[in-house]
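K.L.:
how would this look folded up:
(chains A and B)
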Number of protein chains: 2
Amino acid sequence: MTRIGWAGLLPQLDRESIVPLYRQIYEHLREAILAGTLPESTRLPPERTLAQRLAVNRSTIVHAYRELVNDGLIEQRVGSGSRVVPQLRGGQPERAAGVPWWVTLPPWRVGEFPNVLGELAAKHEPGRISFVQGVAPDEPSPLSELAKSFGRVARDPRFVLSYGDSEGYEPLRAAIAARMNARGANAIAPSSIIVLTGSTQGIAIVAQSLAEPGDEIIVESPSYPGALQVFQINGLRAISVPIDDDGMRVDHVEAVLRTRRPRFIYTMPSLHNPTNVTMNADRRERLATIARRAGVPIVEDDPYGPLATGGPPLVALAPDHVVYISTFSKTIAPSLRVGWLAAPRTILERLLLRKQAYDMATSLYVQAAIADYLERGYDEHVGQLRGELLARRTIADEAIAQHWPAGLKVSRPAGGFYLWTSTPRELRARALLDASERLGASFLFGEAFFANSGGDHYFRLALTAVTRPEIAEGIRRIGEAISALRS
Amino acid sequence: MTRIGWAGLLPQLDRESIVPLYRQIYEHLREAILAGTLPESTRLPPERTLAQRLAVNRSTIVHAYRELVNDGLIEQRVGSGSRVVPQLRGGQPERAAGVPWWVTLPPWRVGEFPNVLGELAAKHEPGRISFVQGVAPDEPSPLSELAKSFGRVARDPRFVLSYGDSEGYEPLRAAIAARMNARGANAIAPSSIIVLTGSTQGIAIVAQSLAEPGDEIIVESPSYPGALQVFQINGLRAISVPIDDDGMRVDHVEAVLRTRRPRFIYTMPSLHNPTNVTMNADRRERLATIARRAGVPIVEDDPYGPLATGGPPLVALAPDHVVYISTFSKTIAPSLRVGWLAAPRTILERLLLRKQAYDMATSLYVQAAIADYLERGYDEHVGQLRGELLARRTIADEAIAQHWPAGLKVSRPAGGFYLWTSTPRELRARALLDASERLGASFLFGEAFFANSGGDHYFRLALTAVTRPEIAEGIRRIGEAISALRS
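P.N.:
Numbers count the residues shown, from 1 in each chain, chains lettered A, B, ... in the order given. Purely as a prediction, here's the structure:
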């Protein structure tokens, strides 16, 4: 059995990275084993010892070693610790005999929340009141009118038997541009619109087209977990700046830009997910000015913007520096998987090629149906939806006043899908989730919304994926869980 | 005006790369200018001189300089040549004053054919007989039955008002697995299927999950341009191996694996695009054995497989080493944008997270409609489609015999969408395309199908995007163009 000096084998941990520490340690050791610098049968240091040397929790090392066991690279026995498996051969990393091919794949950049997107996309569990998913409510329902629009295009070979253009269906792009301009977006041309397969695709496009792995970006804290996961899987390093009742703290953005050179600033300025906050006019002006002056583009994620009643989107203020992304998932239906981006002409082709390289084109059939629906029921539906969201928030506020103890801080702005809550010091959101789920109510805990750290005293309720009566009942159950935990 | 020594500034050209030479030169010079190693006002060498030094065509340098002019980095004047613009500042690359932000974006890996996917997705031009797009023919039409399936699900909130699971709609996954197994795919489980937004998404997933930029892969030569473009934009280096009447030259794959370590082998073993060739049983066995022995996974792209009458897919022979990708675009309709992959359990989660990071989930509404259609009209439709493809090929063969001179070699296998032709030495395919378009017929020229070089004496006709009478007339027009060029 080989024993070796450890100094050179310890990983340089990057504690700012969005790659979790256990994964950094695992990948470092994996490479050392496959490359032969950690020869076969080498004993690894005890978990506790390595944890001390690296100044991390012991559970981090346990986690890293477990991954190596899963890969068949080390073995663990009670009493004799962990060692590199004997049958491995050193030499070229990918020629190590006995190692299955999938073990030698490129590093996999998943963090502590690999299932966030999965959870967001997951179905409800029966019997549980789930405040998890940000889907539009069942009522008002677009289904009846939407089904008519689908019916109108379903037998037309031009729409069904064709790929269509990668940019999207021309009449839909024109209708999108017209609605953006009606909101004050200042002369957006249909030709600057690319129709997307949902707004997640837009986030993937900017993550892969405007930045490279290792690059830094600025995000709000908290922010939309789906976007954070896309950034993470693409190796981007998120610099978090806080958000308050007036939106992103633009003064923090300025401070970051004094010393760092992020590739873009990701913000959701209208009905922000999860806080419902809308950025005020002063901050919008200042952020646009900063972006222009520093030459850093803004990615304006605006899924809830069409439901907001405030001023124009950011893209109106800095048209050459904003990539605007939105979707019909929140205003019509998530199953459409249709969103769009609007970008400066200078980068449009770059973004379009990336979109093509994901899925060629978005379903022309669905696009044509949406274009039809936009001419008919859409605007009325959106108006009703705005009213419904306000009504639901009133129900939630009343239930909270009745069932929750003082000490939980609930974000004030109404109008969006969400209710964002901070808990008192002694109450961690994950513990509250466990207790609430036992009582039949679930929500998303806060950590998922923070790129770097924090969030363990926050949680988000989506008020839309449940019925009106379920809002009050679910909030009551959570209140019961709080009482149980405090007693 | 500054003059400097050139030796250190010449790029190291990689003539094997799929990044075109002009782009390598452009990116090298761009970096040198932004980094200040080529200071402001520096004169660039005349195009002819630099071309000689680098042993490239003068047009390559012209192209590279033109890109720098477009970026605002150099200026060109008649009589005094090209120089770095004076107002630039050296120093940190991305802080150069006066340079717009989009100029400093990461390198953009597009090759000589940036519009191939765009062309594939493009609409037809009126009046022209277009053999370009590989879309299913109008007849037999799935529209009537398909519209009924869409109608059945369009008013169901479970399908329309939900994101659904990222893996896909469970009954659809089960139906896909059952059909693969009926083709001999050997116990594919529904849980190993991920529903995709078209098969291009599957190609993007393997390109980004199984490899990293700079990695090598093996592809057939010729191969599907859409896949080659996805590989290119993701920085993969394609090693081409030839294909003959029995499929991919597996002996060449073996030879490559003796000295190289590609990340995967990309092949279309059934009704290969563009040649229509189906790999024979011996080669399939041998390729599976090679993959297992070398520990290199196979990406089996099988869009036309459900239309083939041959044996089981490759995934049946090496289930732990094959990522299988297919689609309903060719058998039902491209506008559905629904495909799928089947992958070994060992890498499934990795692939699923990547899919989530592109678009969360594929339209549940469309998935549910397809699941309904699979229970009703699908199998009958596919049977009729097979007959139609054979009939179209017969029409094409008769027209070729009548209208084309000897000397063009037409690929023999029938049954798929395509006809692949090589031209005699004096007839370049691009010249033929120009002449044919003037006479009202278009096709895809061969270069787009070759990852490295070659193809200028090949072209592809898609026999499906036109009517039966147009097949004969279009082939007649191309024959007329050939005669005109030869006279």
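K.L.:
Which helix in chain A has the most residues?
P.N.:
helix A:378-403 (DSSP state H).
K.L.:
Could you list every helix and strand in contact with that one?
P.N.:
helix A:468-486 (3 or more Cβ pairs under 8 Å, 6 or more residues apart in numbering or on different chains; DSSP states H and E). C-betas here are computed from N, CA, C, even on glycine.
K.L.:
now the angle from the helix it packs on to helix A:378-403?
P.N.:
An angle of 30 degrees separates the directions of helix A:468-486 and helix A:378-403 when computed by axes from the mean of the first three to the mean of the last three Cα atoms, to 10 degrees.
K.L.:
Centre of the chain to helix A:468-486, how far?
P.N.:
For helix A:468-486, the gap between its own C-alpha mean and the chain's C-alpha mean amounts to 26 Å (Cα atoms, centre = their mean, to the nearest Å).
K.L.:
repeat for stretch A:131-146
P.N.:
Centroid displacement of stretch A:131-146 relative to its chain, using Cα atoms, centre = their mean, is 21 Å.
K.L.:
for stretch A:341-355, same thing?
P.N.:
Per Cα atoms, centre = their mean, the displacement of stretch A:341-355 from the mean C-alpha position of its chain is 21 Å.
K.L.:
Identify the residues contacting it?
P.N.:
Around stretch A:341-355, the neighbours that count as contacts under Cβ atoms under 8 Å, 6 or more residues apart in numbering or on different chains are A:166-167, A:177, A:180, A:185, A:188, A:192-194, A:196, A:201-202, A:205-206, A:208-210, A:315, A:319-326, B:100, B:102, B:105, B:108, B:110, B:114, B:117-118, B:233.
K.L.:
pretty sure A:Val103 is touching A:Asp71, no?
P.N.:
Yes - using Cβ atoms under 8 Å, A:Val103 and A:Asp71 qualify as a contacting pair, with a distance of 4.7 Å.
K.L.:
hang on, the earlier thing: what packs against the next helix or strand after the longest helix of chain A?
P.N.:
The C-terminal neighbour of helix A:378-403 among helices and strands, as given by DSSP states H and E, is strand A:409-410. Packing partners of strand A:409-410 (3+ Cβ pairs under 8 Å, 6+ apart): strand A:418-422.
K.L.:
Pull the residues that contact the helix or strand that the strand it packs on is followed by.
P.N.:
Scanning forward in sequence from strand A:418-422 by DSSP H and E, the next helix or strand is helix A:429-438. Around helix A:429-438, the neighbours that count as contacts under Cβ under 8 Å, 6+ apart are A:128, A:423, A:442-443, A:445-447, A:455-459, A:477-478, A:481-482, A:484-485.
K.L.:
I'd like to know which of these are buried.
P.N.:
Burial of these was assessed by neighbour count (16 or more other Cβ atoms under 10 Å in any protein chain shown); the buried members are A:128, A:423, A:442-443, A:445-447, A:455-459, A:477-478, A:481-482, A:485.
K.L.:
Where does A:Pro242 sit: helix, strand or coil?
P.N.:
Under the three-state scheme (DSSP: H, G, I helix; E, B strand; the rest coil), the conformation of A:Pro242 reads as strand.
K.L.:
and the closest residue to it other than its chain neighbours, what does it touch?
P.N.:
What sits nearest to A:Pro242 in space, not counting adjacent residues and going by Cβ to Cβ, 6 or more residues apart in numbering or on different chains, is A:Arg249, at 4.8 Å. Applying Cβ under 8 Å, 6+ apart, we find A:Arg249 in contact with A:Val241, A:Pro242, A:Ile243.
K.L.:
any chance of those in CSV, with pLDDT and neighbour count too?
P.N.:
As requested, those are arranged in CSV below (pLDDT from 0 to 100; neighbours: other Cβ atoms under 10 Å in any protein chain shown):
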residue, pLDDT, neighbour count
A:Val241, 90, 21
A:Pro242, 88, 12
A:Ile243, 93, 23
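K.L.:
Relative to chain B, which of these is nearest.
P.N.:
Within the contacts of A:Arg249, proximity to chain B (Cβ to the nearest Cβ) peaks at A:Val241, which comes in at 19.4 Å.
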